[in-house]
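Trainee: what would the 3D arrangement of this be:
(one chain, ligands or ions: 2)
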Amino acid sequence: MARLVNRELAEVNMDYVNLQESSVRMHTNGRNLALPDPRRRLFTLVGVGFGLLCIVQAALNVSLRLTPSAVRRNDTDQQRFLTGKYIKQGWVYFHTSFYFISSTKKSWQESRKFCQEQSADLVIINTEEEQDFTRQFHRLTWIGVHNVSRTGQWTWVDGTPLTKSYWGPGEPNGYEGRNENCVEIRFFDRQNSWNDIPCEDQNFWICEKEAAL
Ligand code: MMA
Ligand code: CA
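Mentor: Ligands and ions are numbered 1, 2, ... in the order given. Okay, here's the model as predicted:
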């Protein structure tokens, strides 16, 4: 028993002595490192491994932020925010868009500016149902058609030319030589309800924001 203890003590001492010796050796080599070679190698490995993990994590962070699903999530957040805003402000939902029907009057340009400030634009009519929707309010209302640079080219506010139009009888006529370069819903009793009219006139207006819910 006593011998065993002694042997153990001796081994511990030897370890200690070896350790001292090697650190002294390393120190005298001028490298000033306190650990023996195998341990130093282990620490280096752990350090390099950790560094690599950090790089991988950083790369993942960057790439994840650019994935389509992350973009979709941001779009959805944005859409939810806008939807809440439109509902609170009394916009109405029809088919796949929100519409704002004004209760005050403005020029065509000012009306458009109002819509754009709400992330929307003056209404663009793509279907017969939408055309009927715009004339149910029985008011003179601006829609998103104008005569760009007075070339006689009637254009939607998104830049697309008219494919289907709903001009009233005898319209557009540039009445008595006037510059009638904007379009209003005027003959709301009939489906062909559009009239060209000076853009400076004061009218109600309809904004549209597409939002597939
Ligand atoms: C108004 C004006 C014109 C329109 C005619 C239709 C009198 O002028 O709105 O743009 O063409 O009415 O009668
Ligand atoms: Ca006219």
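
Trainee: secondary structure class for the spatially most central residue of the chain?
Mentor: For the chain, residue 75 is the residue whose C-alpha lies nearest the centre (Cα atoms, centre = their mean; 4.7 Å). Classification of residue 75 by DSSP: H, G, I helix; E, B strand; the rest coil places it in helix.

Trainee: kindly report the same for residue 155.
Mentor: With three-state DSSP as the criterion, residue 155 reads strand.

Trainee: mind showing which ranges of the protein have poor pLDDT?
Mentor: 1-36, 54, 60-72, 150-151 (pLDDT under 70).

Trainee: show me what contacts the residue in the chain that ligand 1 sits nearest to?
Mentor: The nearest approach of the chain to ligand 1 comes at residue 175, 3.8 Å away (Cβ to the nearest ligand atom). Glycine gets a C-beta too; all of them are placed from N, C-alpha and C. With contacts defined as Cβ atoms under 8 Å, 6 or more residues apart in numbering, the neighbours of residue 175 are residue 196.

Trainee: hey, which helix is longest across this protein?
Mentor: helix 37-65 (DSSP state H).

Trainee: phi, psi of the residue of the chain closest to ligand 1?
Mentor: phi -40, psi 120 (degrees, to the nearest 10).

Trainee: and the gap between it and residue 136?
Mentor: 26 Å (Cβ to Cβ, to the nearest Å).

Trainee: residue 212 against residue 96, yeah?
Mentor: Yes - between residue 212 and residue 96 there is a contact under Cβ atoms under 8 Å: 5.1 Å.

Trainee: neighbour count winner among the two?
Mentor: residue 96 (11 against 7; other Cβ atoms under 10 Å).

Trainee: which phi and psi values does residue 97 adopt?
Mentor: phi -140, psi 160.

Trainee: let me see the ranges of the strands in this protein.
Mentor: 92-94, 97-101, 121-122, 141-147, 154-156, 182-185, 194-197, 204-210 (DSSP state E).

Trainee: just say which of those strands is most tucked in.
Mentor: strand 182-185 (a mean of 26; mean count of other Cβ atoms under 10 Å).

Trainee: residue 53: neighbouring residues, count only.
Mentor: There are 10 residues near residue 53, going by other Cβ under 10 Å.
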